[in-house]
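[1] Okay, here's the prediction I keep looking at, along with the sequence it came from:
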Amino acid sequence: MDTSTYLEAVVEQTSTFADWVHGGNATAPVPTCPKWTLADLVDHVGSTQRMVTMLVGERMTEPSGAFARYVPGPTDSARWRAWLTDGAAEAKQAFESVADDTPVWDPSGAAAGVPFWSRRLLGEACVHRADAAATLGMRYELAPEPAVAAVEDWLDTMTSRGYWENRSGFADAMRGDGQTLHFHATDAPGEWLARREADRVALERTHTRADVAVRGPAADLLLVLSRRRPLNAAPTLEIFGDRALLDHWIEHMDWVTD
């Protein structure tokens, strides 16, 4: 997927999310993000998209300007749909105004801001739509290609140099001496090998033997790796090897509350 395709998918995922939450109970708890209400979830999705719109549209190489102009979501849930869909459309326009090599800050440390943020917004939209589904009792479905992109985003961001350096608890938990985990999507091209080393988690896109492997539909991989569905509630996933190593990995994939 390229940047424009990512943003088209962001608009589509956000539209579905917006339809689901529109007019909802703002105080409803989000079971997959225990510290959040539905209003917090809506605020996070829309405000993050607007922050990224500022970063990309204004070619920011330092993030404080975008952080300082935080745009909270409406308190009236009857305004949520328009606010969310407008934000996604504005993000798409911002990305259309830049090239992939336009200098834009990103927290990964890879200095690839525009491609990083286009995929990051898609990953955000896919995962947080799962949060909305869990809150509202909706059926969650996600096509294999965007699901693979969202898994790629999750794994690549969580194993980035920037995440390691700024999340000390994650780094301490993930230090290793070569333990390997293999993730394999079976319904679209997507394979990743994570290797726990002393000073990082190295991520490769390859098929190889590992200490533990998990394979299955990309959407189910996404939900389990992002802690939106317990592993024992994902019967479509096959696990081979050291289950404890996989459990440890998932236990520390705590993006929201770390």
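    That came through, no problem.
[2] Mind listing residues that contact the helix or strand bottoming out on mean pLDDT in the chain?
    Ranked by mean pLDDT, DSSP states H and E, the weakest helix or strand in the chain is helix 64-68, scoring a mean of 86. Residues from elsewhere that reach helix 64-68, judged by Cβ atoms under 8 Å, 6 or more residues apart in numbering: 51-52, 54-55, 58, 60. (C-beta placed from N, C-alpha, C; glycine too.)
[3] Over the helix or strand following that helix, what's the mean pLDDT, rounded is fine.
    Downstream of helix 64-68, the next assigned helix or strand under DSSP states H and E is helix 80-96. The pLDDT scores in helix 80-96 average 98.
[4] and what of stretch 192-203?
    On average, stretch 192-203 scores 96.
[5] Can you tell me the closest non-neighbouring residue to the residue positioned nearest the centre of the chain?
    Against the mean C-alpha coordinate of the chain, by Cα atoms, centre = their mean, the closest residue is Gly123 at 3.5 Å. For Gly123, ignoring the flanking residues on the chain, the nearest one in space by Cβ to Cβ, 6 or more residues apart in numbering is Asp153 at 3.2 Å.
[6] For Glu191, name its beta-bridge partners.
    Beta bridges link Glu191 to His184, judged by DSSP bridges.
[7] Against Phe240, how distant is it?
    According to Cβ to Cβ, to the nearest Å, Glu191 and Phe240 sit 14 Å apart.
[8] Pull the number of nearby residues for Pro107.
    Number of residues near Pro107 (other Cβ atoms under 10 Å) recorded here: 17.
[9] can you tell me which residues contact the closest residue to it other than its chain neighbours?
    Using Cβ to Cβ, 6+ apart and skipping residues adjacent in sequence, the residue nearest Pro107 is Gly162, 4.5 Å away. By Cβ under 8 Å, 6+ apart, Gly162 lies in contact with 106-110.
[10] before we move on, the earlier item: quick one: buried residues of the least confident helix or strand of the chain?
    Going by neighbour count (16 or more other Cβ atoms under 10 Å), the buried part of helix 64-68 is Ala66.
[11] gap between that helix and the chain center?
    Offset of helix 64-68 from its chain centre (Cα atoms, centre = their mean, to the nearest Å): 21 Å.
[12] quick one: pLDDT of the closest residue to Thr3 other than its chain neighbours?
    Spatial nearest neighbour of Thr3, chain neighbours left out: Ser118 (4.3 Å); criterion: Cβ to Cβ, 6+ apart. For Ser118, the model assigns a pLDDT of 97.
[13] Distance of Ser118 relative to Ala99?
    12 Å.
[14] Pick out whichever of those two has more residues nearby.
    Between Ser118 and Ala99, counted using other Cβ under 10 Å, the more crowded position is Ser118 (27 against 8).
[15] that's a helix at that one, yeah?
    Yes. Assessed by DSSP: H, G, I helix; E, B strand; the rest coil, Ser118 belongs to a helix.
[16] I'd assumed Val11 was in contact with it.
    No. Judged on Cβ atoms under 8 Å, Ser118 makes no contact with Val11 at a distance of 11.9 Å.
[17] How far off centre is stretch 198-215?
    Per Cα atoms, centre = their mean, the centroid offset for stretch 198-215 relative to its chain is 19 Å.
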